[in-house]
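> Sequence and predicted structure below; questions after.
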Amino acid sequence: MAILVGETTRLVVQGITGKEGTFHTLRNRAYGTQVVAGVTPGKGGESVEGIPVFDTVAEAAAETEPNTALVFVPPRFAADAIYEAAEAGMGCVVCVTEGIPVQDMTRVVSYLEGKDVILIGPNCPGVISPGKANVGIIPGEICMPGGVGLVSRSGTLTYQIVHELSQRGIGQSTCVGMGGDPVHGVGFVDALARFEDDPETRAMVMIGEIGGSDEERAAEYIEERVAKPVVAYVAGFSAPPGKRMGHAGAIITGSSGTAQAKAEALEAAGARVGRNPSEVGDLVAATLKG
Amino acid sequence: MDLYEHQGKELFGRHGIPLVESAVAATADEARRAAELLGGRVAVKAQVQIGGRGKGGGIALVKDPSEAEAAAARILAEGFRGSPVTRVLVEKLVDIADEFYAAITLDRSTGKYVAMVSVEGGMDIEEVARTNPAAIRRARLGPILGLKEFHVRFLTGHLPPAAHEGAGTVIRAMWEVLLGADATLVEVNPLCLLADGRVVALDSKVTLDDNALYRQPELAALRDTFPVDPTQARANEKGLQYVKLDGEVGIIGNGAGLVMATLDVVTQAGGRPANFLDVGGGASADSMATSLEVVLSDPGVRSVLVNIFGGITRGELVAQGIVAALARVDADVPIVVRLDGTNAEEGRRILAEAGHPMIVPAATMLEAARKAVELARTPASREVG
């Protein structure tokens, strides 16, 4: 099982001929992901190490039957790429691109409402179901197959916590990098719901950070709907209000969005909250034993 | 990117939001002349990106040009709450009949926008939300449908009838500003009904989306008018995310989340982070050298913690980067290095072989934090000189 990506994933990469696009496409394929096509406007007919390149996603879809798109195109064209993938029938779109104008994303997210398309990102590291498929830039080396579902707003911090798990011999069903932008596709609630329904997932880890209210909404959802154990981590306890910590979303505004408030909400909902990445590893180990 | 009040008002003016006559002044003399042209009775307002000007002495209401000159001289000399003030806005005093509040902002929980109008204005809106929530009307605005007349009628419906038409004009224009300028916040506080019946924006707060500045060249150019911190500029030039804090442990890491987590473990270990610095996905010798230079240029730094998780960038390359960086940078405080992830062992071996006197290796994030905090407390070589 696992969620979002797996053995049935057939991937088309938009922006495959760019430097990053080529590099990560080949890494994804080497990991075992079925990469069936690439798209770069104007480069139809070429190939990248045997992967056929098309001018449009629609053409790629007609010839190679992909069901998932991975977007590496530059920020000013990225929203268009997401529309193109959705219109061509992709059920899952993973957008790695960083720096998309938020107004473009509000339109994308409104457009996707009610459609049978799952967006992950933008500004995210992607999704990996260890041992099955890797769609994005998460280093496969640090993951191992197992029963923990992980969802995170951050990149390297995700790697750190996955590493803490793998080092303790705890594998992962799927790791979802939802991205750090204020307006995005799949959030904590969507991911937790999928993990709750996934028979392979025994426990969940959610990694939040300052800014917004995604963690608070996840806490409400956990309290009402989640039966499996949840271990959480929130980064940014020492971040001062009003200063943006790298991610577009990571800023404490007014009285809301603090790490303290998020951690308290999650604990009140029954999640166990680690104070640092290593403690998260310990808590997951204890949870799985207990 | 936040605009100053006068920049926001210029944007408002272009979209037809009624304003009170005003002029920007960079010197006390300019303020006096502006006051003369505006009839003498003016408000002299510090141009800063911090709230609370009214109560904190950042706005002076004066009755003649010489008072305007004195007020401007004081504000320009003193600054406001620790921030330097390089310009004041000299604005004609008007007879206010009533004060309201209006804002349109990105609502990240829905991925849409929210418009808000409050019958109580001129004060902190969060305070109004706490004490008198019924004073605020909210409407959710989707980017596809946009702002419709029914929204406007609802949003302004609880204001005094005399303000309905004027407030409606302002709200419609605010929505145009938001979309046209790629703003994530457009706020008018107070929105004033004047004795003569006009509804005007007496203040402006506009936050622009940094990701969209590439298609807003005129607004992007305003950044050049902002005060520049040389260290910050240096970091930005190299694509590093640097935020100065006021502790003694310098922090360098790769990835915003990991750096935030590093700040937290340093705090938990009893130290205070001196900064947030995200060196980005990889950690090349060049970016690492600049990062160390930026962090070490802060005289408050007593030790540095480098926390790198090698993902796609392998540990041995990161280690080589650090060693090469230390050949370029004259480090005078201990640098605790914690490397983990792909090929971390190889990386640690390279660091050990380099044998740099200032490098202190650490195996885990927690150990690294404890060491860095401890070393920051020991008298450092830089205190001698």
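Looks like it came in fine. On a predicted model such as this, the values are computed, not experimentally measured, just so you know.

> What ranges in chain A fall below the confidence cut-off?
Where chain A drops to pLDDT under 70, the residues are A:1, A:248-249, A:252-255.

> Tell me which stretches of it form helices.
A:19-31, A:57-64, A:75-87, A:102-112, A:156-167, A:188-197, A:214-225, A:259-268, A:277-289 (DSSP state H).

> Let me have these in a markdown table, extended by distance to B:I322 and mean neighbour count.
Bear in mind the C-beta positions are built from the backbone N, C-alpha and C, glycine included. Formatted as a markdown table, the helices of chain A follow (distance: least, Cβ to Cβ, whole Å; neighbours: other Cβ atoms under 10 Å in any protein chain shown):
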| stretch | distance to B:I322 | mean neighbour count |
| --- | --- | --- |
| helix A:19-31 | 23 | 18 |
| helix A:57-64 | 42 | 18 |
| helix A:75-87 | 31 | 21 |
| helix A:102-112 | 36 | 22 |
| helix A:156-167 | 16 | 26 |
| helix A:188-197 | 35 | 20 |
| helix A:214-225 | 34 | 19 |
| helix A:259-268 | 29 | 19 |
| helix A:277-289 | 21 | 19 |
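
> Out of those, flag the one nearest B:R370.
helix A:277-289 (12.3 Å; Cβ to Cβ).

> Any part of that closest one near chain B?
Yes - residues of helix A:277-289 contacting chain B under Cβ under 8 Å from any Cβ of the partner chain: A:P277, A:S278.

> residues contacting residue 183?
In the absence of a named chain, chain A is used. Contact analysis of A:V183 by Cβ atoms under 8 Å, 6 or more residues apart in numbering or on different chains lists A:V102, A:M105, A:T106, A:V109, B:L106, B:R108, B:G111.

> please go with chain B instead
B:V177, B:V206, B:T207, B:L208, B:D209.

> Name the member of these that has the highest neighbour count.
For the contacts of B:A183, the largest neighbour count, defined by other Cβ atoms under 10 Å in any protein chain shown, is 25 neighbours, found at B:V206.

> Roughly how far does that residue sit from B:I17?
11 Å (Cβ to Cβ, to the nearest Å).

> and the chain, what are its domains?
I went with chain A, as the question did not name one. A:1-123, A:138-290 (automatic domain parsing).

> wrong one, I was asking about chain B
B:21-92, B:96-224, B:230-383.

> where do the strands sit along the stretch 1-150 of chain A?
A:10-14, A:34-39, A:47-48, A:51-54, A:68-71, A:92-95, A:118-120, A:126-129, A:133-136, A:145-152 (DSSP state E, counting those that start in this stretch).

> ok, the residue lying closest to A:A261 once chain neighbours are set aside - contacts?
Take A:A261 and drop its neighbours on the chain: the residue closest to it by Cβ to Cβ, 6 or more residues apart in numbering or on different chains is A:E216, 7.3 Å away. By Cβ under 8 Å, 6+ apart, the contact list for A:E216 reads A:A261, A:K262, A:A265.

> related to what we said a few turns ago, mind putting the domains of chain A in TSV, distance to B:S66 included?
Converted to TSV, these look like this (distance: least, Cβ to Cβ, whole Å):
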stretch	distance to B:S66
domain A:1-123	47
domain A:138-290	37
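
> Would you mind listing the buried residues in the helix or strand harbouring B:V323?
B:V323 belongs to helix B:315-328 when assigned by DSSP states H and E. For helix B:315-328, the neighbour count (16 or more other Cβ atoms under 10 Å in any protein chain shown) marks B:G315, B:E316, B:L317, B:V318, B:A319, B:Q320, B:G321, B:I322, B:V323, B:A324, B:A325, B:L326 as buried.

> Not counting its own residues, what contacts that helix?
Under Cβ under 8 Å, 6+ apart, the answer for helix B:315-328 is B:282-289, B:291-292, B:306, B:308, B:310, B:335, B:337, B:339-351, B:354, B:356, B:358-359.

> Please go through these and note which also touch chain A.
Okay, of the contacts of helix B:315-328 touching chain A (Cβ under 8 Å from any Cβ), that's B:D340, B:G341, B:T342.

> What is the lowest-pLDDT residue among the residues you listed?
Here the lowest pLDDT out of these sits on B:T342, with 76.

> Please give me every residue in contact with that one.
A:P139, A:E141, A:I142, B:G310, B:G311, B:I312, B:T313, B:R314, B:G315.

> Starting from A:L165, give me the distance back to it.
Counting by Cβ to Cβ - B:T342 and A:L165 are separated by 15 Å.

> Please apply the same query to B:R349.
Where A:L165 is concerned, B:R349 sits at a distance of 25 Å (Cβ to Cβ).

> What of B:G39?
For B:G39 relative to A:L165 (Cβ to Cβ), the value is 70 Å.

> Repeat that for A:E63.
Taken as Cβ to Cβ, the span from A:E63 to A:L165 is 39 Å.
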